[in-house]
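Asks: mind folding the following:
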Amino acid sequence: MRVLFAGLASVGHTYPMIPLAIAARDAGHEVHFAAGEGVHAPLAANGLRPFRPADAFYEMYAEDLEPDLARLEPDLVVHGWGVPGAAIAARRAGIPGLWHGFGRMFPDGIGLEPPTKSVPGLPHVDICPPSLQDKDFLANEDRIALRPVAFSEPGALPARDGRPLVYLTLGTAFGTAELLTTAIKALAALDARVVVATGRVRTAELGEVPDNVTLHEWVPQADLLPHVDVVVHHGGSGTTLGALAVGAPQLILPQGADQFANADAVTAAGAGVRLLPDEVSEEALASVVRTVSRPGGHSEAARAIAEEIARMPGPDDVARRLPDYAGRG
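Replies: Prediction:
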């Protein structure tokens, strides 16, 4: 069977799809991946045959993908929530399709067209644990549960020194030097090892940092998360689910997009605390991290969600079912 995956050319949208694409490849299917060139390196490294449809850079329109559908003649298209154009192109071509989510169903008004409205009626590969998923989405959509599997390019892990490990990241799209500096000062005052992924912020903008803080433009997040004690982050879906999967309590500092909804869901579940932009200060940050890192409470709730995630079907399980969905065309 030939399977075509299609996603937005960003870490937050493409990386959640890679585990299922790898599992489909391992199951013997011929896998191709349509996305902008910014994410081709990890796709190629995993044998997923990446290509750029037409002149697509980040977004993808139906017209971009239609010539490649005619060329490849896939049996199934698995399209990310962020590329409704791929779903439209597959439907026009009469090829069965599946939506692939990147986390909790996002609210209106964040700059993405909800897949439930753009091409309704298709099943969703849903990587969000049901306890955190939007209740209307749970009740009204055809869902294929898939355990969220963190993916990142391999790399060296920061050294540990026996102290609790706090991981700080504001992702690749919303971080600012001002917010990172505030968070670093707050976390440096704790008796902890603080690993910072600076993302879009240049390390030079952050100046000198204390000895218990290390700055990295990039860290292998999937490999790091199993070792962390607390995650302080922006509320992106990948980091949110990655922290939950390892049972790490969280402090979420939402900045935009779906981050506020993710922060609300994690807070409601008791697995973390959010601080809105006007609530952020060094004192508040340090106080919340001390609170969420204590035994019981947030840590216990985070571990309960980790157990829920562990019970979800893995990529190999879902990959074995893909021919059933291809047969619906």
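Asks: ok, which stretches of the stretch 1-150 of the chain are helices?
Replies: Using DSSP state H, counting those that start in this stretch, the helices of the stretch 1-150 of the chain run over 11-14, 18-26, 40-45, 62-72, 84-93, 115-118, 135-140.
Asks: buried set for the third one?
Replies: Across helix 40-45, burial judged by 16 or more other C-beta atoms under 10 Å covers 40, 42-43. For the C-beta atoms, the positions are set from N, CA and C on the backbone; glycine is no exception.
Asks: pretty sure residue 61 contacts residue 84?
Replies: No. The criterion here is C-beta atoms under 8 Å, and residue 61 misses it with residue 84 at 9.2 Å.
Asks: quick one: which of these two has more around it?
Replies: Neighbours per residue (other C-beta atoms under 10 Å) separate residue 61 from residue 84, with residue 84 holding more: 22 against 17.
Asks: so who does the more buried one touch?
Replies: Applying C-beta atoms under 8 Å, 6 or more residues apart in numbering to residue 84 gives the contacts 113, 115, 118-119.
Asks: JSON lines please, covering those residues and showing distance to residue 309 and pLDDT.
Replies: Output for the contacts of residue 84, formatted as JSON lines (distance: C-beta to C-beta, whole Å; pLDDT from 0 to 100):
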{"residue": "113", "distance to residue 309": "28", "pLDDT": "90"}
{"residue": "115", "distance to residue 309": "22", "pLDDT": "94"}
{"residue": "118", "distance to residue 309": "28", "pLDDT": "89"}
{"residue": "119", "distance to residue 309": "28", "pLDDT": "93"}
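Asks: of those - the most surrounded one?
Replies: Among these, the one with the most neighbours (other C-beta under 10 Å) is residue 115, at 23 neighbours.
Asks: any idea how the protein splits into domains?
Replies: The chain breaks down into these domains under automatic domain parsing: 2-148+312-326, 165-310.
Asks: could I get those domains as TSV with distance to residue 157?
Replies: As requested, the domains of the chain are exported to TSV (distance: least, C-beta to C-beta, whole Å):
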stretch	distance to residue 157
domain 2-148+312-326	18
domain 165-310	6
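Asks: OK, contacts around residue 244?
Replies: 129, 132, 250, 266, 271, 302, 305-306, 309.
Asks: tell me which of the residues you listed fall in helices.
Replies: Secondary structure assignment by DSSP state H places 266, 302, 305-306, 309 of these in helices.
Asks: by neighbour count, which of those residues wins?
Replies: Each of the ones in helices among the contacts of residue 244 was scored by neighbours using other C-beta under 10 Å; the highest score is residue 266's, at 28 neighbours.
Asks: pick out whichever of the buried residues of helix 40-45 sits closest to residue 280.
Replies: residue 42 (32.6 Å; C-beta to C-beta).
Asks: from memory the closest one sits against residue 18, does it?
Replies: Yes. With contact defined as C-beta under 8 Å, residue 42 reaches residue 18; the gap is 6.8 Å.
Asks: where does pLDDT dip in this protein?
Replies: The model of the chain has pLDDT under 70 over residues 329.
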